[in-house]
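Q: what shape does this take:
(chains A, B, C and D)
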2 protein chains.
Amino acid sequence: MASEQSENYLKNIYKLSSGEGKVTTSSLSDKLQISPASVSEMIKKLAEEGTLTHTPYKGVELTDEGKKLALRIIRKHRLWEMFLVEVLHFRWDEIDDEAERFEHIMSDKMEDKIDHALGHPLIDPHGDPIPTKDGELKCPMSHPMSDVRAGSTVRVVRVSDSNSEMLQYVASIGISLNKEIHIKQKMNFDNSMLVKIDNNEFNISSIIASNIFVENV
Amino acid sequence: MASEQSENYLKNIYKLSSGEGKVTTSSLSDKLQISPASVSEMIKKLAEEGTLTHTPYKGVELTDEGKKLALRIIRKHRLWEMFLVEVLHFRWDEIDDEAERFEHIMSDKMEDKIDHALGHPLIDPHGDPIPTKDGELKCPMSHPMSDVRAGSTVRVVRVSDSNSEMLQYVASIGISLNKEIHIKQKMNFDNSMLVKIDNNEFNISSIIASNIFVENV
DNA sequence: AAATAAAATTAGGAATGCCTAAATTTAACT
DNA sequence: AGTTAAATTTAGGCATTCCTAATTTTATTT
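A: The predicted structure is shown next:
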């Protein structure tokens, strides 16, 4: 069995690689906030366990087994996030930290019970897809709102959960999943956008816009 | 902050002492399934942290702070057990192991949300009282069914959660909280009892009877 | 009260997973 | 191509928490 921390490494390697491709020691070190030396050690251990392949000085890549484990953790994380919002009425900016701890101690039985209680949800509260139990993950088509050109109207499909403060702000101006947003204008000097949400207008910075994923409507 | 394992020690010391009195190294060792040597070490550490007092070779006793921490863990454990049964429809024999892991990673915020979602329950699914947030614990009056004399009718108030197999068996013969049981006869040769539950008769061993707590009806 | 048994503690060691500092390898620049 | 910078890995340590074996203290028994 993979230790709790091993699971964390696998999950984050998966996320950094977006499923495919190599991940460097330093990017993992950044993401996990663990020194490169420690990451290097752990990588050696995981390679011995067979969950990833390591080409020294070149980076790591998950094996099929490693990918499966990573997706299972991500599934548990996202199911739990969904549960926190739907059943316990947490806000979407509060749930990531809770799920971070919980994903590792959630039994398979509980995974099933929650999946059932929620009616087999396909996405989590941020719009991230929930992998199936056997490791399949279908991402709905979408693009960052920062790429949308002025004049068009889009629907929110997903909001990056990387920053709780941003999620809180985004919610405070009325943005939630499936909400329609009209892009009125793009500011050339800072790439911010003037948008209309529920008849209110806001200026959205390019950083925020690049964390909001939308589809055309 | 107390580590996960420290919390386990405190919780089990509390349970062994039933709130008051000294607990020996060996009883803890038995309960935790950890060698006496390791227990001895950990005790030293906990004594330094101030959560218990240790008289070498004589045993330990929780300080007020230790008791408070222990009761908080027990509260989280029992709230979570209640939640597993009420919301996720686990059986009462499945929940102890799940709660065992969860009690340590449950944030105070989640404790409150669950308490609220359940309507501030006073007992868990086995009938064990749930301590209040500030460490108060009122035990409803009850006595083991093994002490009840033949001919009387009693109501189930609590069933010891120490053995999952027993809980499963007890449920299978129709015993649940608040169920009325009529004691028809006590067998002298093995102290087992002949009881009537929902018009069915069963022979209950003295061991089982001593794990079922009842009040007179 | 002395001998033996039982309980508790200390000593020495292992696994996990982190760290800093030093060494090595790769990449980048003149 | 050679030097410097950046990334990576190895070396040596530390904290936690467990273990077995040896020692010490307490309790029991004759």
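
Q: between the two ends of stretch A:116-134, how far is it?
A: With C-alpha to C-alpha, to the nearest Å as the measure, stretch A:116-134 spans 16 Å from end to end.

Q: measure A:Asn203 to A:Val170 for me?
A: Distance of A:Asn203 to A:Val170, given as C-beta to C-beta, to the nearest Å: 13 Å. (C-beta placed from N, C-alpha, C; glycine too.)

Q: the more surrounded of the two?
A: A:Val170 (21 against 14; other C-beta atoms under 10 Å in any protein chain shown).

Q: just checking, that one touches A:Ala209?
A: No: using C-beta atoms under 8 Å, A:Val170 and A:Ala209 do not qualify as a contacting pair, with a distance of 10.4 Å.

Q: need the contact list for A:Glu180.
A: Contacts for A:Glu180 (C-beta atoms under 8 Å, 6 or more residues apart in numbering or on different chains) come out as A:153-156, A:197, A:217.

Q: how about the residues you listed, which pair is most distant?
A: A:Ile197 and A:Val217 (13.3 Å; C-beta to C-beta).

Q: which one's more surrounded, the two?
A: Set A:Ile197 next to A:Val217 and count neighbours by other C-beta under 10 Å: A:Ile197 wins out with 17 against 10.

Q: for stretch A:36-52, what is the average pLDDT?
A: Averaged over stretch A:36-52, pLDDT sits at 96.

Q: please save the CA atoms from that stretch in PDB.
A: Once non-C-alpha atoms are left out, stretch A:36-52 reads as follows in PDB (Å, rounded to 0.1, in the frame of the first residue of the first chain):
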ATOM      1  CA  PRO A  36      14.300  19.400  -4.000                       C
ATOM      2  CA  ALA A  37      16.500  17.000  -2.000                       C
ATOM      3  CA  SER A  38      13.600  15.400  -0.300                       C
ATOM      4  CA  VAL A  39      11.700  15.100  -3.500                       C
ATOM      5  CA  SER A  40      14.600  13.500  -5.100                       C
ATOM      6  CA  GLU A  41      14.700  10.900  -2.400                       C
ATOM      7  CA  MET A  42      11.000  10.200  -2.500                       C
ATOM      8  CA  ILE A  43      11.200   9.800  -6.300                       C
ATOM      9  CA  LYS A  44      13.800   7.100  -5.800                       C
ATOM     10  CA  LYS A  45      11.500   5.300  -3.500                       C
ATOM     11  CA  LEU A  46       8.400   5.600  -5.700                       C
ATOM     12  CA  ALA A  47      10.500   4.300  -8.700                       C
ATOM     13  CA  GLU A  48      11.500   1.300  -6.700                       C
ATOM     14  CA  GLU A  49       7.800   0.700  -5.800                       C
ATOM     15  CA  GLY A  50       7.000   0.800  -9.500                       C
ATOM     16  CA  THR A  51       4.500   3.700  -9.600                       C
ATOM     17  CA  LEU A  52       6.800   5.800 -11.700                       C
END
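
Q: now do the buried residues in it.
A: For stretch A:36-52, burial by neighbour count (16 or more other C-beta atoms under 10 Å in any protein chain shown) applies to A:39, A:42-43, A:46-47, A:51-52.

Q: which ones are touching the residue lying closest to A:Val87 once chain neighbours are set aside?
A: The shortest distance from A:Val87 to any non-neighbouring residue, by C-beta to C-beta, 6 or more residues apart in numbering or on different chains, is to B:Val87 (6.5 Å). Contact analysis of B:Val87 by C-beta under 8 Å, 6+ apart lists A:87, A:117, B:117-118.

Q: now do 10 Å
A: Residues in contact with B:Val87 (C-beta atoms under 10 Å, 6 or more residues apart in numbering or on different chains) are A:83, A:87-88, A:113-114, A:117, B:114, B:117-118.

Q: export these to TSV and tack on pLDDT, secondary structure and distance to A:Lys67?
A: Putting the contacts of B:Val87 into TSV (pLDDT from 0 to 100; DSSP: H, G, I helix; E, B strand; the rest coil; distance: C-beta to C-beta, whole Å) gives the following:
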residue	pLDDT	secondary structure	distance to A:Lys67
A:Phe83	97	helix	24
A:Val87	96	coil	29
A:Leu88	96	coil	30
A:Lys113	97	helix	25
A:Ile114	97	helix	22
A:Ala117	97	helix	27
B:Ile114	97	helix	34
B:Ala117	96	helix	35
B:Leu118	97	coil	38
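
Q: quick check: phi and psi on the residue nearest to A:Val87?
A: phi -100, psi -40 (degrees, to the nearest 10).

Q: same thing with A:Val214?
A: In terms of degrees, to the nearest 10, the main-chain angles of A:Val214 are phi -130, psi 160.

Q: just for chain A, where's the confidence low?
A: A:19 (pLDDT under 70).

Q: spell out which residues of it are next to chain B.
A: A:83-84, A:87-90, A:94, A:97-98, A:100-102, A:104-107, A:109-110, A:112-114, A:116-117 (C-beta under 10 Å from any C-beta of the partner chain).

Q: and those, which of them are buried?
A: A:83-84, A:87-88, A:90, A:94, A:98, A:101-102, A:104, A:106, A:110, A:113-114, A:117.

Q: farthest-separated two in those?
A: Greatest spatial distance among these (C-beta to C-beta): A:Glu94 and A:Lys113, at 22.1 Å.

Q: which residues touch A:Gly127?
A: Applying C-beta under 10 Å, 6+ apart, the residues near A:Gly127 are A:92, A:140, A:142, A:156-161, A:176-178, A:212-213.

Q: buried ones only from those, please, as a ChimeraX command.
A: A single ChimeraX command suffices to select whichever of those are buried according to 16+ other C-beta under 10 Å:
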select /A:92,142,156,157,158,159,160,161,212,213
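
Q: for chain A, what spans make up the strands?
A: Counting by DSSP state E, residue ranges of the strands within chain A are A:52-55, A:59-62, A:143-144, A:153-159, A:180-186, A:193-197, A:200-204, A:212-216.

Q: what is the burial count for A:Met193?
A: 23.

Q: now do A:Thr55
A: A:Thr55 has 10 nearby residues by other C-beta under 10 Å.

Q: my guess is it meets A:Glu61, correct?
A: Yes: with contact defined as C-beta atoms under 10 Å, A:Thr55 and A:Glu61 form a contacting pair (8.2 Å).
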